[in-house]
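Student: Provided below are the primary sequence and the corresponding predicted coordinates.
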Number of protein chains: 2
Amino acid sequence: MLKYEMVARDIQSKISRGEYRPNEQLPVMSDLCETYGVSKITIKKAMDMLVSRGLIIKRRGSGSFVKNIAVEEINPPLQDMSRQLAGFTGEYLDTGVEVSTIVHEFSVIQATPKVAGRLRVRPEDFVYYICRTRCADGVPQEIEYTYMPISVVPGLSYEDVQGSIYGYIERTLGLKVYSAHRSIRAVMPTAEELTRLKVGRDVPLLEIDQVVYLEDGRLFEYSICRHVGDRFTFFSISTN
Amino acid sequence: MLKYEMVARDIQSKISRGEYRPNEQLPVMSDLCETYGVSKITIKKAMDMLVSRGLIIKRRGSGSFVKNIAVEEINPPLQDMSRQLAGFTGEYLDTGVEVSTIVHEFSVIQATPKVAGRLRVRPEDFVYYICRTRCADGVPQEIEYTYMPISVVPGLSYEDVQGSIYGYIERTLGLKVYSAHRSIRAVMPTAEELTRLKVGRDVPLLEIDQVVYLEDGRLFEYSICRHVGDRFTFFSISTN
DNA sequence: AAGTGGTCTAGACCACTTC
DNA sequence: AAGTGGTCTAGACCACTTC
């Protein structure tokens, strides 16, 4: 266990136990160095983690303070960022929810100009096109329109597409998903989506348009994912 | 100018000029130390900034790589995170767009249980309730339902509410907005919103539910903001 | 003037990947 | 074995806030 992780974890547990209370000033860094027997830069790194988790605030010249947050928001931290890249299957891991998939289309096509632009391949290059409805306990949650260059994700089979594509990429190909660039909008379902998602025509969808990168910097996915409005929430913490 | 900022800026400009190309490996840290005449930890901090901006990827044991991104995405970086806390007025600063506001309601009420819970005040405490439609060049963009404890934001006047509340908080009260915790969903407009936002009943809205914190850790705002669907996009970059 | 957190260094040691 | 980035230290110096 890394030192800064241990310190961050300990301070976080003190906040959640009420030992450090909302709006209270935390001990100064030099005191924390003594308490934990670590250097200043290690304390700083631990505090920076707590800032990015939305738990504390730092002010140069004045000190660090616990945010006025509810205990429920502390543990686990406000959003489970670690699952934002896990994919649909990963999202429901260990939740006891049964995930199922309806494959509407799985084909290899030549990239349209728009898809080629987003995937950064040439317009004539071959890409997989996959359209799937993802369900939780049998209830449709989202519909995905996914494009992947066959050169980056070779050997994808119908069985993989019925299950977890990320599972295939990580376990079979040995690649690691690294980051996603997303934009989010509200949209209405198309006629086709109405039946596939089993929603009324007055139900809005949250559309996430994203490109996803591997650990080696290569772009392997462009996808548009449309979530049923009343069944999905996206979390975000911004800090100055 | 801080050293790590200078280094980050220089590497970023080399990426945008094509000197470092997509998927190319960057010089190793020890070389960058020599090139810029700074220590390893300063290089690391600069590279970490580029990772969080979505431009590069780091792999322990193998090196750092430029992501396969389009030049247009590089400069300015993928989303202007710095404006995510600027408020509606700040968002349009220096864009030449004329921002206007329609105040539907501005009152002091006793916090309902829900609002008290979100604002972390007692249910009987007084809070401002402000409902406004915000327009850009006369076109309605969003409707805001805002709650603020009068104890944290004293002296708010009708004039402030017609303009920028954040301007009042920062310039008159001398407080600084620090961070926001948000959740995002897709919703349909109410009958009232149809007329206020001048949209059809088939236009979805992007709802952002947020609490906002000051630099001293105090919670000063709970707001629900509903953006017209085809006129708003929210950006996000996730990294493992 | 005193106290806060932020930047930066030189260098030791470590975890991981590649060969 | 060699090369990569990551963690950590002790300490200098700095920017900013508070009194």
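Tutor: Received the coordinates, thanks.
Student: in which helix or strand does the residue of chain A found nearest DNA strand D reside?
Tutor: Nearest residue of chain A to DNA strand D (Cβ to the nearest atom of the strand) works out as residue A:61 at 2.2 Å. For glycine as for every other residue, the C-beta is placed from the backbone atoms N, C-alpha and C. Counting by DSSP states H and E, no helix or strand carries residue A:61.
Student: phi first, then psi, for it.
Tutor: Residue A:61 adopts backbone torsions of phi 90, psi -20, taken as degrees, to the nearest 10.
Student: ok, it to residue A:235 distance?
Tutor: Using Cβ to Cβ, to the nearest Å, residue A:61 is found at 31 Å from residue A:235.
Student: quick one: which of those two has more around it?
Tutor: Applying other Cβ atoms under 10 Å in any protein chain shown to residue A:61 and residue A:235 shows that residue A:235 carries more neighbours, namely 15 against 4.
Student: for chain A, what lies in contact range of DNA strand D?
Tutor: Residues of chain A lying near DNA strand D by Cβ under 7 Å from any atom of the strand: A:2-4, A:37-42, A:45, A:59-62.
Student: pLDDT and distance to chain B added to the residues you listed, as CSV?
Tutor: Formatted as CSV, the residues of chain A next to DNA strand D follow (pLDDT from 0 to 100; distance: Cβ to the nearest Cβ, whole Å):
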residue, pLDDT, distance to chain B
A:2, 92, 13
A:3, 95, 16
A:4, 96, 14
A:37, 95, 21
A:38, 95, 16
A:39, 95, 12
A:40, 95, 13
A:41, 94, 8
A:42, 96, 12
A:45, 96, 11
A:59, 93, 6
A:60, 93, 10
A:61, 93, 11
A:62, 93, 8
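Student: walk me through the domains of chain A.
Tutor: A:3-74, A:81-231 (automatic domain parsing).
Student: what's the closest of those to DNA strand C?
Tutor: domain A:3-74 (3.4 Å).
Student: now the closest one, how far from the centre of its chain.
Tutor: Centroid displacement of domain A:3-74 relative to its chain, using Cα atoms, centre = their mean, to the nearest Å, is 25 Å.
Student: whatever helix or strand residue A:195 lives in packs against which elements?
Tutor: Secondary structure assignment for residue A:195, by DSSP H and E: helix A:191-197. Judged by 3 or more Cβ pairs under 8 Å, 6 or more residues apart in numbering or on different chains; DSSP states H and E, helix A:191-197 is in contact with strand A:139-149, strand A:219-228.
Student: please work out the average pLDDT along it.
Tutor: The average pLDDT within helix A:191-197 is 97.
Student: can you list the strands that the helix or strand following it pairs with?
Tutor: Going down the chain from helix A:191-197, the next helix or strand is strand A:205-214, by DSSP H and E. Here strand A:205-214 is paired, per DSSP bridges, with strand A:177-187 (antiparallel), strand A:219-228 (antiparallel).
Student: out of these, which gets the lowest mean score?
Tutor: Looking at the strands paired with strand A:205-214, the bottom one is strand A:177-187 with a mean of 90.
Student: pull out the buried members of the residues of chain A next to DNA strand D.
Tutor: When the residues of chain A next to DNA strand D are checked for burial by 16 or more other Cβ atoms under 10 Å in any protein chain shown, the buried set is A:4, A:38, A:42, A:45.
Student: in a helix, residue A:15, correct?
Tutor: Yes. With DSSP: H, G, I helix; E, B strand; the rest coil as the criterion, residue A:15 is assigned to a helix.
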